[in-house]
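1. My questions are about this predicted structure, shown below with the sequence.
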Amino acid sequence: MTLDIDFVRAQFPAFSEPSLEGHCFFENAGGSYTCQPVIDRLTRFYTQRKVQPYAPYEASRLAGEEMDEARNRLSAILGVLPHELSFGPSTTQNTYVLAQAFRKWMKPGDAIIVTNQDHEANSGPWRRLADEGFELLEWRIDPETGHLDPAALDDLLDERVRLVCFPHCSNVVGEINDVKAITDKVHAAGAVTCVDGVSYAPHGLPDVGHLGADIYLFSAYKTYGPHQGIMVIREELGMKLPNQGHYFNADSLYKRFTPAGPDHAQVAASAGMADYIDALYGHHFDGQATSAGRGEAVHDLMRAHEQKLLQPLLDYLGERNSVRLLGPDDASRRMPTVAVDLQAPGDGIAAELAAHGIMAGGGDFYAVRALEGMGIDTGKGVLRMSFVHYTAPEEVDRLIAALDQVL
């Protein structure tokens, strides 16, 4: 099945916005365009439902139903129970709350494994627990390739380790880590996993139930939705950890780790992400499927399109001696988040590309430890070009042509 790119782009108002005409968006790893169903739901909530939800009057009842709908439908796509999914202001904030729960749950001398491949959101909060008497062990990347070798985890895992934190894929290396295999290894050692899915989920929501991760986090504003952090905590772990919410919500798993009041409108609008996945499925496939089945089919559809567009870009960059490509040069092993180390500062090259209608980014992208681990000057940073399934082949051609002039 081939992705119908015209149908896809018709679901995103940005592609018909006059102010964006002529510009190609290659900074999707920082945040995606928002799909029309999310915008429609957000507009409806703010105009028709902007009241305190879950009261008996009609506007309030509908507001609560729409919030519940978002949790129910997204959890079904992710292959988890509805109460195992919760919303928070951001993935970074969600991780900080989780770290406080683990701080109270663990005992002095317990250990946590973190990586230097992560975005700081899934590294910094855990590293700070070293100040509380817990041991921090670092699972380090290969300094040449940025690869996170699962075999190297064996030397770190022992009876002291309670938690292993790692990314589904890095936001600068781009290589896909085998979450299921790593989680199986961690579980066999008696520990649990916290997986940062922020850089993976925009390319197709994963079946978290199949992967087996105990905690899985990603950001809705990078998966075509509103600015919310989405957090899956499996029930067995979540009910063991100390409650971080109001004491009277301790029995509700999806409220235990959201101490701040939820953004009602944005939670409700997140159901538009499920609308979009269903629309893609209905347009491209015949027959019926479960929510998880529709999610899997759309995931594979997105990935096939992205890989086809990504390989020519990787081949082009691999042929240039002045460019150091971070991560694999095989599109099947990575996501289309492509960072390169250049002689010039990354943000300067991004500014030059902007003059050619290419919207890309430069800097460290909060992956300072990963760049340092590969010997890259973080003051200079890297150039990052990232796209998703709504990117058209001709846009990648324009990117390569612009790179040819700028580099």
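-> Received, thanks.
2. and R9, what is it in contact with?
-> By Cβ atoms under 8 Å, 6 or more residues apart in numbering, the contact set of R9 is F15, Y390, A392. In this view, the C-beta of every residue, glycine as well, is placed from N, C-alpha and C.
3. The second one: how many residues sit nearby?
-> In other words, Y390. 23 (other Cβ atoms under 10 Å).
4. for the first one, same thing?
-> By other Cβ under 10 Å, 16 other residues sit near F15.
5. Could you do the last one as well?
-> Neighbour count of A392, defined by other Cβ under 10 Å: 17.
6. Check the secondary structure at the nearest residue to S291 once chain neighbours are set aside for me.
-> Nearest residue to S291, sequence neighbours excluded (Cβ to Cβ, 6 or more residues apart in numbering): A76, at 3.5 Å. Under DSSP: H, G, I helix; E, B strand; the rest coil, A76 falls in the helix class.
7. Could you report the neighbour count for A76?
-> Counted with other Cβ under 10 Å, A76 comes out at 18.
8. In a markdown table: the contacts of R9, plus distance to D251.
-> Output for the contacts of R9, formatted as a markdown table (distance: Cβ to Cβ, whole Å):
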| residue | distance to D251 |
| --- | --- |
| F15 | 45 |
| Y390 | 41 |
| A392 | 49 |
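9. can you give me the strands for the stretch 101-250 of the chain?
-> For the stretch 101-250 of the chain, applying DSSP state E, counting those that start in this stretch gives strands covering 111-115, 135-139, 161-167, 192-196, 215-219, 229-233.
10. Next, format those as CSV and append distance to P259 and mean pLDDT.
-> Listed next are these as CSV, based on distance: least, Cβ to Cβ, whole Å; pLDDT from 0 to 100:
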stretch, distance to P259, mean pLDDT
strand 111-115, 22, 98
strand 135-139, 25, 98
strand 161-167, 20, 98
strand 192-196, 18, 98
strand 215-219, 16, 98
strand 229-233, 13, 98
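11. Please convert these to CSV, extending it with mean neighbour count and distance to E319.
-> Supplementary listing: the strands of the stretch 101-250 of the chain in CSV, determined by neighbours: other Cβ atoms under 10 Å; distance: least, Cβ to Cβ, whole Å:
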stretch, mean neighbour count, distance to E319
strand 111-115, 23, 30
strand 135-139, 17, 32
strand 161-167, 24, 28
strand 192-196, 25, 32
strand 215-219, 27, 34
strand 229-233, 26, 39
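12. so which of those gets nearest P82?
-> With Cβ to Cβ, the closest approach to P82 among the strands of the stretch 101-250 of the chain belongs to strand 229-233: 10.8 Å.
13. still on that earlier bit, kindly reformat the strands of the stretch 101-250 of the chain as a markdown table and extend each row with distance to S291.
-> Output for the strands of the stretch 101-250 of the chain, formatted as a markdown table (distance: least, Cβ to Cβ, whole Å):
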| stretch | distance to S291 |
| --- | --- |
| strand 111-115 | 31 |
| strand 135-139 | 34 |
| strand 161-167 | 25 |
| strand 192-196 | 21 |
| strand 215-219 | 16 |
| strand 229-233 | 15 |
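14. Determine the number of other residues adjacent to G318.
-> G318: 10 neighbours (other Cβ under 10 Å).
15. which residues does it contact?
-> L325, D329.
16. ok, it to E306 distance?
-> 18 Å (Cβ to Cβ, to the nearest Å).
17. again with V340
-> Taken as Cβ to Cβ, the span from V340 to E306 is 18 Å.
18. again, but for H283
-> For H283 relative to E306 (Cβ to Cβ), the value is 18 Å.
19. More neighbours: the two, which one.
-> E306 (22 against 13).
20. A367 reaches V172, doesn't it?
-> Yes - distance between A367 and V172: 4.5 Å, which falls inside the contact criterion (Cβ atoms under 8 Å).
21. contacting residues around the residue sitting furthest away from the middle of the chain?
-> Centroid-distance maximum for the chain: Y57 at 36.7 Å, with Cα atoms, centre = their mean. Neighbour list for Y57: V51 [criterion: Cβ under 8 Å, 6+ apart].
22. Look up how far V51 lies from it.
-> Taking Cβ to Cβ, one finds Y57 at 8 Å from V51.
23. For F15, give me the backbone phi and psi.
-> phi -80, psi -10 (degrees, to the nearest 10).
24. Contact partners for it?
-> R9, Y33, Y390.
25. Could you do G381 as well?
-> Here G381 is in contact with P345, G346, D347, G362, G363, D364, L371 (criterion: Cβ under 8 Å, 6+ apart).
26. can you redo these as a markdown table with neighbour count, pLDDT and distance to D278?
-> Formatted as a markdown table, the contacts of G381 follow (neighbours: other Cβ atoms under 10 Å; pLDDT from 0 to 100; distance: Cβ to Cβ, whole Å):
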| residue | neighbour count | pLDDT | distance to D278 |
| --- | --- | --- | --- |
| P345 | 17 | 97 | 43 |
| G346 | 23 | 98 | 38 |
| D347 | 16 | 97 | 39 |
| G362 | 23 | 98 | 37 |
| G363 | 20 | 98 | 36 |
| D364 | 23 | 97 | 37 |
| L371 | 24 | 98 | 39 |
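27. mind listing which of the residues you listed are in helices?
-> If you go by DSSP state H, those have G346, D347, L371 in helices.
28. Tell me the one among those nearest to D330.
-> L371 (21.7 Å).
29. one step back: make CSV out of the contacts of G381 and add distance to G212.
-> Shown next, in CSV, are those (distance: Cβ to Cβ, whole Å):
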residue, distance to G212
P345, 41
G346, 36
D347, 39
G362, 36
G363, 34
D364, 31
L371, 30
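30. which two in these are spaced the farthest apart?
-> D347 and L371 (13.6 Å).
31. can I get the ones in helices among the contacts of G381 in a markdown table with distance to D377?
-> Below are the ones in helices among the contacts of G381 laid out as a markdown table (distance: Cβ to Cβ, whole Å):
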| residue | distance to D377 |
| --- | --- |
| G346 | 10 |
| D347 | 13 |
| L371 | 8 |
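32. what about R369, which helix or strand?
-> helix 368-373 (DSSP states H and E).
33. Outside of that helix itself, list whatever touches it.
-> When contacts are defined by Cβ under 8 Å, 6+ apart, helix 368-373 is touched by residues 116-118, 120, 123, 140-141, 143, 146, 170, 172-173, 364, 378, 381-382.
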